[in-house]
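Below is the sequence, then the predicted model.
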Amino acid sequence: MSKEHTDVNLLRKGLKYLAIALPLLFLSPYLITLSFLNFQTLFGYIVFGLGLLIGICAVYLLFKGINTIMKSIF
């Protein structure tokens, strides 16, 4: 019984998702903290929404990247 090898193209795609998610993971808490410091202005609310959106995108990309890597291995 032969074992199938890892799909390299799918593995690269998963690593790209993780590489995009990494800076977003650092940017999201920074923007949320910045917005809490400026909640008296409209700028604070806009940055808070942007920080939440970036955080949700980062978690989605992490999930999609890990899921894609697992598909490429198994």
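It's in. A quick note: this is a predicted structure, and the numbers were derived from the prediction, not measured.

Name the nearest residue to the residue nearest to the spatial centre of the chain, sequence neighbours excluded.
Closest to where the C-alpha atoms of the chain average out (Cα atoms, centre = their mean) is Ala58, at 2.2 Å. With sequence-adjacent residues excluded and distances taken as Cβ to Cβ, 6 or more residues apart in numbering, Ala58 is closest to Leu24, at 3.7 Å. (C-beta placed from N, C-alpha, C; glycine too.)

so that neighbour is in which element?
helix 8-37 (DSSP states H and E).

Enumerate the positions of whatever helix or strand comes next after that helix that are buried.
Going down the chain from helix 8-37, the next helix or strand is helix 42-73, by DSSP H and E. When burial is assessed from 16 or more other Cβ atoms under 10 Å, helix 42-73 yields the following buried residues: 47-48, 50-51, 54-55, 58, 61-62, 64-65, 68-69, 72.

Please state the mean pLDDT value computed over helix 42-73.
Per-residue pLDDT values over helix 42-73 give a mean of 96.

List the contacts of the residue nearest to the centre of the chain.
21, 24-25, 28 (Cβ atoms under 8 Å, 6 or more residues apart in numbering).

Nearest to Arg12, out of the residues you listed: which one, please.
Ala21 (15.0 Å; Cβ to Cβ).

ok, and the closest non-adjacent residue to the closest one?
Leu61 (3.8 Å).

separation between the one you found and Pro23?
11 Å (Cβ to Cβ, to the nearest Å).
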